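J.: below: sequence and its predicted model.
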Amino acid sequence: MITGNKGEWSEVYTLLKIISDQQLFAGDSNLNKIETKVRPLSWTKNSGK
């Protein structure tokens with residue numbers, strides 16, 4: 001059986017949401033999103049070289 005508290009599941013959700021959106025926004029000290037500070041995420045396949 002899979003178990004976990006609300007905090008543990010929210011960490012998994014957050015990771016999957018960031019991967020899905022492929023961007024990560026910065027936030028201020030009140031946890032408000034700063035629209036002008038965005039970090040795009042991209043993954044490249046390792047060619048093994």
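T.: Received, thanks. What you see is a predicted model; the values in this text were computed from it and never measured.
J.: so which residues of the protein form helices?
T.: 6-21 (DSSP state H).
J.: quick one: least confident helix or strand in the protein?
T.: helix 6-21 (a mean of 88; mean pLDDT, DSSP states H and E).
J.: that helix packs against which elements?
T.: Contacting helix 6-21 under the criterion 3 or more C-beta pairs under 8 Å, 6 or more residues apart in numbering; DSSP states H and E is no other helix or strand. No exception for glycine: its C-beta is placed from N, CA and C like everyone else's.
J.: how far out from the middle of the chain is it?
T.: 7 Å (C-alpha atoms, centre = their mean, to the nearest Å).
J.: contacts for that helix?
T.: L24, L41 (C-beta atoms under 8 Å, 6 or more residues apart in numbering).
J.: now the spatially most central residue of the chain: how far from T36?
T.: With distances taken as C-alpha atoms, centre = their mean, I18 lies nearest the centre of the chain, 2.9 Å away. Counting by C-beta to C-beta, to the nearest Å, the gap from I18 to T36 is 18 Å.
J.: pLDDT wise, what is G48 at?
T.: Looking at G48, its pLDDT is 62.
J.: for R39, same thing?
T.: So R39 comes in at 91 (pLDDT).
J.: roughly how far does it sit from W9?
T.: 24 Å.
J.: of these two, which one has the most company?
T.: Between R39 and W9, counted using other C-beta atoms under 10 Å, W9 has the larger neighbour count: 12 against 9.
J.: separation between that one and I34?
T.: Taking C-beta to C-beta, one finds W9 at 26 Å from I34.
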